[in-house]
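Peer 1: how does the following fold in three dimensions:
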Amino acid sequence: MTRMRAIAGSALFLIVAPGVVAGLIPWLLTGRYAVPVTLHLALRGSSFVVILAALAFLLNAFARFALDGGGTPAPIAPTERLVVTGPYR
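Peer 2: Numbers count the residues shown, from 1 in each chain. Next up, the predicted model:
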């Protein structure tokens, strides 16, 4: 698999799998992420920091699948090489 196909496949799988399961479905079930006005500003800020950290971790993992492994995290297009770098080492 070429590098560009691996990157495109990983990006597509990122949108389909975590995007739907952790994004679209909760958004549809919970009333479009309505945040109560009474929610404390510090809690909003700290939750935003946690979400950004998790997003950085997820994007790093997907990038390593494409760049280091030569494939995608999707079972239909697995990596050509075992990925043993990064946080999953």
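Peer 1: give the other helices and strands that whichever helix in the chain runs longest contacts.
Peer 2: In the chain, with assignment by DSSP state H, the single longest helix is helix 41-67. The contact analysis (3 or more Cβ pairs under 8 Å, 6 or more residues apart in numbering; DSSP states H and E) places helix 41-67 against helix 3-19. For the C-beta atoms, the positions are set from N, CA and C on the backbone; glycine is no exception.
Peer 1: by contact count, what packs against the helix it packs on?
Peer 2: Where contact means 3+ Cβ pairs under 8 Å, 6+ apart, helix 3-19 is packed against helix 41-67.
Peer 1: gap between the helix it packs on and the chain center?
Peer 2: Relative to the chain's own centre, helix 41-67 is displaced by 8 Å; criterion: Cα atoms, centre = their mean, to the nearest Å.
Peer 1: report the buried residues of it.
Peer 2: Buried positions in helix 41-67, judged by neighbour count with 16 or more other Cβ atoms under 10 Å: 61-62, 64-66.
Peer 1: for stretch 73-88, same thing?
Peer 2: Residues of stretch 73-88 classed as buried under the neighbour-count rule (16+ other Cβ under 10 Å) are 73, 77, 79, 83.
Peer 1: now pLDDT, secondary structure and distance to Ala11 too, for those, in a markdown table please.
Peer 2: Formatted as a markdown table, those follow (pLDDT from 0 to 100; DSSP: H, G, I helix; E, B strand; the rest coil; distance: Cβ to Cβ, whole Å):
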| residue | pLDDT | secondary structure | distance to Ala11 |
| --- | --- | --- | --- |
| Pro73 | 87 | coil | 11 |
| Ala77 | 87 | coil | 12 |
| Thr79 | 88 | coil | 15 |
| Val83 | 88 | coil | 17 |
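Peer 1: quickly check those residues for the two that are furthest apart.
Peer 2: Pairwise distances across those peak at 13.8 Å for Ala77 and Val83 (criterion: Cβ to Cβ).
Peer 1: anything in contact with each of these two?
Peer 2: Common contact partners of Ala77 and Val83 (Cβ atoms under 8 Å, 6 or more residues apart in numbering): none.
Peer 1: now, which of the buried residues of helix 41-67 sits nearest Ile7?
Peer 2: Ala66 (4.6 Å).
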